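Chemist: this is a predicted model, with the sequence first.
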Amino acid sequence: YDSEKDLQAARNPVVDLIRERYFIQFEQGNEKEWFVINEIIESMDEDKDRMSIHAYSLGYELNDRELRFYEAKSKNVTEIMNEVLQETIWSLGYVDADFDILYRSFEISDRSILDFTYEVADKFGANVVFNTSNRTINFYNFENVGNFYGLTVSLGKLLKTLNRSSFPDEMITVLKAFGKEGLTFNDVNPSGTNFIENYDFFMYPFEIAEDGVTVLKHSNYMSDELCIALIKYKKLIEKNSKGYQSLLAQKSEKQSILATKENELSALNAELVIIEDRLAVANATNGNTSQIIIEKQQMESRINTKNTEINGIKNEIKIIDDQITSLKNLFSITNNFTQEELDEKKRFEFVRNWSNENIIYSKDLYSEAQKHLEKVKVPRVNFEIDIINFLDVIEEKHNWDKLH
């Protein structure tokens, strides 16, 4: 509480500026960040009275707003966050285009808006950034975050220590994925399975000549035979993947038409029931039935025509299903690997389950599973560095504005 001034104790003027929930602005170069005080600790000992404060970034304001219940069915980031933030003083800022073509479902209760914001970012795979100067929330693709300002660190230049750790126990080569209510992606996966594989780490640095026979480099782990089989299988999938996806799109379109036709048939059958009821009444009262009989015959003709259309579409779907089955047989593991190769491959199968209850479409699940496997197909590597505090070194002033 006291500071020394002119060799005498004087009250520290900062103490009288501190209040609960007050804001603090931190400045470094051109960067400014606002914080909100959430804890004040006053302590006394034999020597001095002291005050300690704790503050969170201004986004902590959203922790004071609670969602009693919120439900979103198949919505993107912009739709979800605009709904959630509408009663707050915060608003949605930048949203990467990738997150507005992805759709997720949420059902939560008794959660703060701050917690839910991080959950949304997690489920969409986004990096959430709070702009505390204008109270906006931004959702960036991790791959698009960060700029290089020219600051380099190396031995003899700012670097004090460097440690590298590798964690092979956490790597995955076979990933099984599940969405909402046990959703799988068998229907969109060319192999017809609910798992995807990647053995790139164990194949490295295997290399084969264009003739497909001459081995230029051997794998550190796998036999040449297994590496060649895996490469051929991958090429087979890539070669036929577009055709497979085209068949799935055709089937989906036919199924949509079929559903429409079946609804039309149900409506025609309902009209036929009404006509038959009228005919029964006319017969019971000895009324004129000739016109009703004509209407019935016309309706039965329309129903027969509709049934013919439906059967035609079902036959088209069956033809597509047969083609899909044929491709799945082509992609079958047992048709592309010998038993010896399959036995060896099992040594490198590190299988894990991955789930995201917010994914409701198999196509999205397949895409997200591929992205996740890409991150975990190699051992996680952790780097720790320690550098000198060059912000206190006047000779390094030319680098001060390069740290963000």
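Modeler: That came in fine, so what should we check first? Source: prediction; values computed, not measured.
Chemist: would you list every one of the strands in the stretch 201-350 of the chain?
Modeler: 207-208, 215-217 (DSSP state E, counting those that start in this stretch).
Chemist: now the ones you listed as a markdown table including distance to E264, mean pLDDT and mean neighbour count?
Modeler: Using the backbone N, CA and C atoms, a C-beta is placed for each residue, glycine as well. Formatted as a markdown table, the strands of the stretch 201-350 of the chain follow (distance: least, C-beta to C-beta, whole Å; pLDDT from 0 to 100; neighbours: other C-beta atoms under 10 Å):
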| stretch | distance to E264 | mean pLDDT | mean neighbour count |
| --- | --- | --- | --- |
| strand 207-208 | 56 | 92 | 14 |
| strand 215-217 | 61 | 93 | 12 |
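Chemist: can you redo those as CSV with distance to V145?
Modeler: Formatted as CSV, the strands of the stretch 201-350 of the chain follow (distance: least, C-beta to C-beta, whole Å):
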stretch, distance to V145
strand 207-208, 34
strand 215-217, 35
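Chemist: Q245: which of those is closest?
Modeler: Q245 lies closest, by C-beta to C-beta, to one member of the strands of the stretch 201-350 of the chain: strand 207-208, at 27.8 Å.
Chemist: and N144, what does it touch?
Modeler: Contacts for N144 (C-beta atoms under 8 Å, 6 or more residues apart in numbering) come out as D96.
Chemist: follow-up on the earlier one: looking at the strands of the stretch 201-350 of the chain, spot the one closest to N307.
Modeler: Nearest to N307 among these is strand 207-208; the distance by C-beta to C-beta comes to 56.1 Å.
Chemist: quick one: list the elements packing against the closest one.
Modeler: Here strand 207-208 touches strand 215-217, helix 224-284, going by 3 or more C-beta pairs under 8 Å, 6 or more residues apart in numbering; DSSP states H and E.
Chemist: quick one, which of those is packed in tightest?
Modeler: helix 224-284 (a mean of 14; mean count of other C-beta atoms under 10 Å).
Chemist: by contact count, what packs against that helix?
Modeler: Packing contacts for helix 224-284, counted by 3+ C-beta pairs under 8 Å, 6+ apart, involve strand 207-208, helix 290-331, helix 339-346.
Chemist: give me that answer again for 10 Å
Modeler: Secondary-structure packing of helix 224-284 (3 or more C-beta pairs under 10 Å, 6 or more residues apart in numbering; DSSP states H and E): strand 195-197, helix 200-203, strand 207-208, strand 215-217, helix 290-331, helix 339-346, helix 362-376.
Chemist: tell me the most buried of these?
Modeler: Counting by mean count of other C-beta under 10 Å, strand 195-197 has the highest mean neighbour count of the helices and strands packed on helix 224-284, with a mean of 19.
Chemist: return the distance of that strand from the chain's centre.
Modeler: Here strand 195-197 is found 17 Å from its chain centre; the criterion is C-alpha atoms, centre = their mean, to the nearest Å.
Chemist: what pairs with it, and is each one parallel or antiparallel?
Modeler: strand 174-178 (antiparallel) (DSSP bridges).
Chemist: now the angle from the partner strand to helix 339-346?
Modeler: Per axes from the mean of the first three to the mean of the last three C-alpha atoms, to 10 degrees, the angle that strand 174-178 makes with helix 339-346 is 70 degrees.
Chemist: can you offset everything so residue one is 4?
Modeler: With the count now opening at 4, the last piece we talked about shows up as strand 177-181.
Chemist: then strand 177-181 to CSV, C-alphas only?
Modeler: Taking C-alpha atoms only, strand 177-181 is exported to CSV below (Å, rounded to 0.1, in the frame of the first residue of the first chain):
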residue,chain,number,x,y,z
VAL,A,177,-6.8,-47.3,-37.3
LEU,A,178,-9.6,-44.9,-36.3
LYS,A,179,-13.2,-45.9,-35.7
ALA,A,180,-15.6,-43.0,-35.7
PHE,A,181,-19.1,-42.5,-34.3
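Chemist: what lies in contact with it?
Modeler: For strand 177-181, the external contacting residues (C-beta atoms under 10 Å, 6 or more residues apart in numbering) are 186-188, 192, 196-202, 348-349, 351-360, 362, 365, 368-369, 371-373, 375-377, 379-380.
Chemist: hang on, the earlier thing: any chance of the helices and strands packed on helix 227-287 in a markdown table, plus distance to L165?
Modeler: Formatted as a markdown table, the helices and strands packed on helix 227-287 follow (distance: least, C-beta to C-beta, whole Å):
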| stretch | distance to L165 |
| --- | --- |
| strand 198-200 | 34 |
| helix 203-206 | 23 |
| strand 210-211 | 31 |
| strand 218-220 | 29 |
| helix 293-334 | 45 |
| helix 342-349 | 36 |
| helix 365-379 | 23 |
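Chemist: for K35, which of those is the nearest?
Modeler: That would be helix 365-379 among the helices and strands packed on helix 227-287, by C-beta to C-beta, at 33.3 Å.
Chemist: next structured bit after the closest one?
Modeler: Per DSSP states H and E, the first helix or strand lying C-terminal to helix 365-379 is strand 383-390.
Chemist: rewinding a little: out of the strands of the stretch 204-353 of the chain, nearest to S77?
Modeler: Nearest of the strands of the stretch 204-353 of the chain to S77, taken as C-beta to C-beta: strand 210-211 at 44.6 Å.
Chemist: and the closest one, which strands flank it?
Modeler: Strand 210-211 has these strand partners (DSSP bridges): strand 218-220 (antiparallel).
Chemist: helix, strand or coil for S168?
Modeler: Three-state call for S168 (DSSP: H, G, I helix; E, B strand; the rest coil): strand.
Chemist: try the one 4 residues further on
Modeler: Classification of D172 into helix, strand or coil gives helix, according to three-state DSSP.
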